[in-house]
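> Here is a sequence together with a model predicted from it:
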Amino acid sequence: MKNIKSTIAAVMLSVLGSYMSAQIKGNQTFGDNTIQASSAFLDASSTANVTAANLGKGFIFPRADITQLALANQGTLYNSGNNPNRFDGMIVYNTASTGTAASGTLSEPIFPGFWYYDNKTTNPTGGVWRPIANAGTRENILTTETITNRQINSAQVYGIKGTFAASGTSTSVTIPAPTGMTAMYAITIYKAGSNTVYSRELYSYDTSTGAAVTGSPSMSVVYPNGTYDYVLEYLK
């Protein structure tokens, strides 16, 4: 049985290799003369070869738990000769929502979605996992300046997270202005340790002192004594 499996595997690799040398054009004929000149090694677009107009195929991306995915050169399978990039640029759809990376480090707290491995070192485990963030995907506002998915009149909106303490007796709280900030775009304030939004309106803000008063134009807010988290969005 083992010999039969080995023979089948060898035949499949041989057939696949012959096709790959000329590139694969999925959903279409392999004999297309234009595919060899294409930069795409796999083309699943539609042509007259399929039965319905605009009939394409979606690619189900490999799913992986980054907290369990150990990157290692396994014997001679991934050595310096055939894997010189040390997994640099590898993309997975991560399924984990908590934890740390089994190999390398995380650029930010983990969440489910598309991540890629950024590794410019000579060690397979020396890289950093980074999320692929495009419009419509989750934003990860950090305690360092972060580029958001928004622009206002072609001006980039930046974001940053922070914390402030309220005394319970004043409408004013201190939210330091990030370096280079020219105008406030929005602010969202949460009770620390919860996902409950406390305020989203800004009554006034002094970029020089960081003094912020939230509330509507006719009524400011006094925060009960305690600690609060905020997400500040701004222009530069």
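All right, it came through fine.
> how about low-confidence regions in this structure?
Applying pLDDT under 70 to the chain picks out residues 1-57, 73-84, 133-141, 215-220.
> Domain map for it?
Domains of the chain are assigned by automatic domain parsing as 1-59, 60-138, 146-235.
> the longest strand in the chain is where?
The residue-count maximum for a strand in the chain (DSSP state E) belongs to strand 155-166.
> Neighbouring strands - and their directions - for that one?
If you go by DSSP bridges, strand 155-166 pairs up with strand 146-152 (antiparallel), strand 226-235 (antiparallel).
> May I see the ones you listed organised as a markdown table, with mean neighbour count and distance to residue 121 added?
The C-beta positions use only the backbone N, C-alpha and C, and glycine is treated the same way. Converted to a markdown table, those look like this (neighbours: other Cβ atoms under 10 Å; distance: least, Cβ to Cβ, whole Å):
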| stretch | mean neighbour count | distance to residue 121 |
| --- | --- | --- |
| strand 146-152 | 14 | 25 |
| strand 226-235 | 18 | 33 |
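> Could you dump those into a markdown table with distance to residue 175 added?
A markdown table is the format used below for those (distance: least, Cβ to Cβ, whole Å):
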| stretch | distance to residue 175 |
| --- | --- |
| strand 146-152 | 16 |
| strand 226-235 | 6 |
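> Identify whichever of these lies nearest to residue 169.
strand 226-235 (12.4 Å; Cβ to Cβ).
> okay, the closest one in CSV with CA atoms only?
The C-alpha atoms that make up strand 226-235 are tabulated as CSV, following Å, rounded to 0.1, in the frame of the first residue of the first chain:
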residue,chain,number,x,y,z
GLY,A,226,-12.4,57.0,37.6
THR,A,227,-10.2,56.0,34.7
TYR,A,228,-11.3,56.3,31.0
ASP,A,229,-9.9,55.1,27.7
TYR,A,230,-10.1,57.2,24.6
VAL,A,231,-9.5,56.9,20.9
LEU,A,232,-8.4,60.2,19.3
GLU,A,233,-8.7,60.8,15.6
TYR,A,234,-7.0,63.8,14.1
LEU,A,235,-5.4,65.6,11.2
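> Done for today, thanks.
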